[in-house]
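Participant: Sequence plus predicted model, see below.
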Amino acid sequence: MIIESVRRSEDACFREVVKAGDYWLQSIKNGQTLRILDLEGNQAADTLFYNANDVAERYSAMDTIREQGNLYLTVGSKLLSSLGNEMLEIVADTCGRHDTLGGACATESNTVRYALEKKCMHACRDSWMLAVAEHPEFGLTKRDITHNINFFMNVPVTPEGELSFADGISAPGKYVELVARMDVIVLVSNCPQLNNPCNAYNPTPIELLIWD
Amino acid sequence: MKESVLYQDTLPGGRHWSFMMRKGHQLRLTDVNGGANAGMLLYNPLMPLERINLPDTLKCQHTFKLTAGHCLYSDMGRIFCAITEDSVGWHDPVGGTCNRALVERKWGKKTFQEARNDYYRNGVDSFLINLAKVGLGKKDLAANINWFSKVAPDAAGNLSFVPSHSKAGDSVCLRFEMDTLVILHTCPHPMNPAKEYPQAPIHYQIEEAAQMSANDLCLNSRPENGRGYQNNDLYHQRCGVPGHDH
């Protein structure tokens, strides 16, 4: 569902461009709004959320999907935790829908999906490993790397039970906006995948904006 | 070749258990009365940070349903087990599992104090109890499989639970391709619309698996699975892959 935001970027209290293949790890407060902006189009922002006060409670794709009764995320989607609590709600979306089934790319899954020789290509899960290694203050480790949201990514499922990674439905300037319903830690990998159309074979920057 | 049965038992509805499966053994699950649900999580006992990864399992095989020919992948690109036989045709990878609040909301509360061992258990607590037995906890929970259940998507992604999807006597067979810790519960599927807390037993049987042949269904169902089996071979040879020494 396409709903534009009423927020103006010049009023944001935080703005940062995250380059292709980099990570972003930061806390946001209950009530703050986070916008993820696809600057050049067809990018994938692989994102995990944690309860900032207890990181063992984290975003749960399966609880979120089941309770909303739909596979795709868009305006109105309440992102639920592994304990069934609401963590964030999507309040604006100019892309239309986002994937939470496809997971993040990893060097190991790349060997299975493409070729054993592709094991050294940069991958989202490597970005997350570097993020948790460089930021021990968040108390995150590999144990906390679970099933994420792929903002802007298009993973259609058919009634017959097929699933594919399809061309993106995002475009330059499209964005998604979320209001935090608890203090959350946000961990984003700006996807470096070069082997499938999740980011049009051309990883590009995203911008993150926060409003109080 | 007839496989030999090494162990068998029936898990009543709404119960949980965990056990080790060895490479070369297979686990046959049977829905005794029909309409069963079996929640399952898988871990590498030598390195429990390696666990079932359903997003990787689905995207590696371009599938949303799980049935014969599919392999269940860990986050390390390895195959825990392969679905070699299945009379159901569709097992659910997205419904998740019921927690305490969901069970209470849908089916009310039945405590141990009033019902003894017929109290209403839930999937999250069942997983946590079995995880805690091996020193694991909330951080180790992952998306689980729901054997025998189907959540059907329409073209717009709307989901609906298919009641009585599996019939009495339906079964699925998992051939283990590496040593694996299996956590299994028979708590109801969280989308089951039944008015009463569903209590459907699962019979489970551990057997010697037949040697895998070159024309094996799971090995050949997708080119990705050939590469998954190569990763398992390297792991078992302890050759050029991350892992844990015995």
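Facilitator: Structure received.
Participant: Which residue ranges of chain B form strands?
Facilitator: B:5-11, B:16-21, B:25-31, B:38-43, B:71-73, B:79-86, B:145-147, B:151-153, B:159-161, B:171-176, B:180-185, B:202-208 (DSSP state E).
Participant: looking at those, which is closest to A:Ser27?
Facilitator: Of all those, strand B:38-43 sits nearest to A:Ser27, with 29.4 Å by C-beta to C-beta. (Each C-beta comes from the backbone N, C-alpha and C, glycine too.)
Participant: Give me the angle between the closest one and strand B:16-21.
Facilitator: 40 degrees (axes from the mean of the first three to the mean of the last three C-alpha atoms, to 10 degrees).
Participant: need the contact list for A:Val155.
Facilitator: Contacts for A:Val155 (C-beta atoms under 8 Å, 6 or more residues apart in numbering or on different chains) come out as A:99, A:101-102, A:163-166, B:59.
Participant: ah, wrong one, I meant A:Lys29
Facilitator: A:180, A:183.
Participant: And it, its phi and psi?
Facilitator: phi -90, psi 150 (degrees, to the nearest 10).
Participant: The strands of chain B: which one's closest to B:Pro93?
Facilitator: Nearest to B:Pro93, of those and by C-beta to C-beta, is strand B:145-147 at 5.8 Å.
Participant: Now do the same for stretch A:27-34: mean pLDDT, whole number.
Facilitator: Mean pLDDT, computed over stretch A:27-34, is 98.
Participant: Just send the strands of chain B back as JSON lines, with mean pLDDT and distance to A:Met182 too.
Facilitator: Formatted as JSON lines, the strands of chain B follow (pLDDT from 0 to 100; distance: least, C-beta to C-beta, whole Å):
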{"stretch": "strand B:5-11", "mean pLDDT": "97", "distance to A:Met182": "36"}
{"stretch": "strand B:16-21", "mean pLDDT": "98", "distance to A:Met182": "29"}
{"stretch": "strand B:25-31", "mean pLDDT": "98", "distance to A:Met182": "38"}
{"stretch": "strand B:38-43", "mean pLDDT": "98", "distance to A:Met182": "26"}
{"stretch": "strand B:71-73", "mean pLDDT": "98", "distance to A:Met182": "32"}
{"stretch": "strand B:79-86", "mean pLDDT": "98", "distance to A:Met182": "34"}
{"stretch": "strand B:145-147", "mean pLDDT": "98", "distance to A:Met182": "28"}
{"stretch": "strand B:151-153", "mean pLDDT": "98", "distance to A:Met182": "28"}
{"stretch": "strand B:159-161", "mean pLDDT": "98", "distance to A:Met182": "26"}
{"stretch": "strand B:171-176", "mean pLDDT": "98", "distance to A:Met182": "38"}
{"stretch": "strand B:180-185", "mean pLDDT": "98", "distance to A:Met182": "28"}
{"stretch": "strand B:202-208", "mean pLDDT": "98", "distance to A:Met182": "37"}
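Participant: Dump these to TSV, plus distance to chain A and mean neighbour count.
Facilitator: Listed next are the strands of chain B as TSV, based on distance: least, C-beta to the nearest C-beta, whole Å; neighbours: other C-beta atoms under 10 Å in any protein chain shown:
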stretch	distance to chain A	mean neighbour count
strand B:5-11	22	13
strand B:16-21	18	17
strand B:25-31	20	22
strand B:38-43	11	25
strand B:71-73	7	27
strand B:79-86	9	22
strand B:145-147	10	26
strand B:151-153	5	22
strand B:159-161	5	17
strand B:171-176	16	23
strand B:180-185	15	25
strand B:202-208	21	19
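Participant: A:Glu108: which of those is closest?
Facilitator: Closest among these, using C-beta to C-beta: strand B:71-73, at 9.0 Å.
Participant: which strands and helices sit next to that closest one?
Facilitator: helix B:54-60, strand B:79-86, helix B:223-236 (3 or more C-beta pairs under 8 Å, 6 or more residues apart in numbering or on different chains; DSSP states H and E).
Participant: Relative to B:Pro201, which of those is closest?
Facilitator: Using C-beta to C-beta, the helices and strands packed on strand B:71-73 put strand B:79-86 closest to B:Pro201, at 19.0 Å.
Participant: Against which helices or strands is the closest one packed?
Facilitator: Contact partners of strand B:79-86 among helices and strands, from 3+ C-beta pairs under 8 Å, 6+ apart: strand B:25-31, strand B:71-73, strand B:171-176, helix B:217-220, helix B:223-236.
Participant: Include distance to A:Glu108 when you put these into CSV, please.
Facilitator: Output for the helices and strands packed on strand B:79-86, formatted as CSV (distance: least, C-beta to C-beta, whole Å):
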stretch, distance to A:Glu108
strand B:25-31, 24
strand B:71-73, 9
strand B:171-176, 19
helix B:217-220, 19
helix B:223-236, 7
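Participant: Which one, of those, ends up nearest to B:Asp125?
Facilitator: strand B:25-31 (21.2 Å).
Participant: With just CA atoms, put the closest one into CSV.
Facilitator: C-alpha atoms of strand B:25-31 as CSV (Å, rounded to 0.1, in the frame of the first residue of the first chain):
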residue,chain,number,x,y,z
HIS,B,25,19.9,-42.4,10.2
GLN,B,26,16.4,-41.3,9.2
LEU,B,27,13.4,-40.0,11.2
ARG,B,28,9.9,-41.1,10.1
LEU,B,29,7.1,-38.9,11.5
THR,B,30,3.6,-40.2,11.3
ASP,B,31,0.3,-38.4,11.9
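Participant: which strands and helices sit next to that strand?
Facilitator: Strand B:25-31 packs on strand B:79-86, strand B:171-176, strand B:202-208, going by 3+ C-beta pairs under 8 Å, 6+ apart.
Participant: still on that earlier bit, now for the helices and strands packed on strand B:79-86, which one comes closest to B:Trp90?
Facilitator: Here strand B:171-176 is closest among the helices and strands packed on strand B:79-86 (C-beta to C-beta), at 10.7 Å.
Participant: Pull up the pairing partners for the closest one, direction included.
Facilitator: Next to strand B:171-176 in the sheet, as set by DSSP bridges, lie strand B:25-31 (antiparallel), strand B:79-86 (antiparallel).
Participant: any idea which residue sits dead centre in chain B?
Facilitator: In chain B, the centroid-proximal residue (C-alpha atoms, centre = their mean) is B:Met40; its distance is 3.4 Å.
Participant: pLDDT (mean, whole number) over the strand or helix carrying A:Glu57?
Facilitator: Assigning secondary structure by DSSP states H and E places A:Glu57 in strand A:54-58. What strand A:54-58 shows for mean pLDDT is 98.
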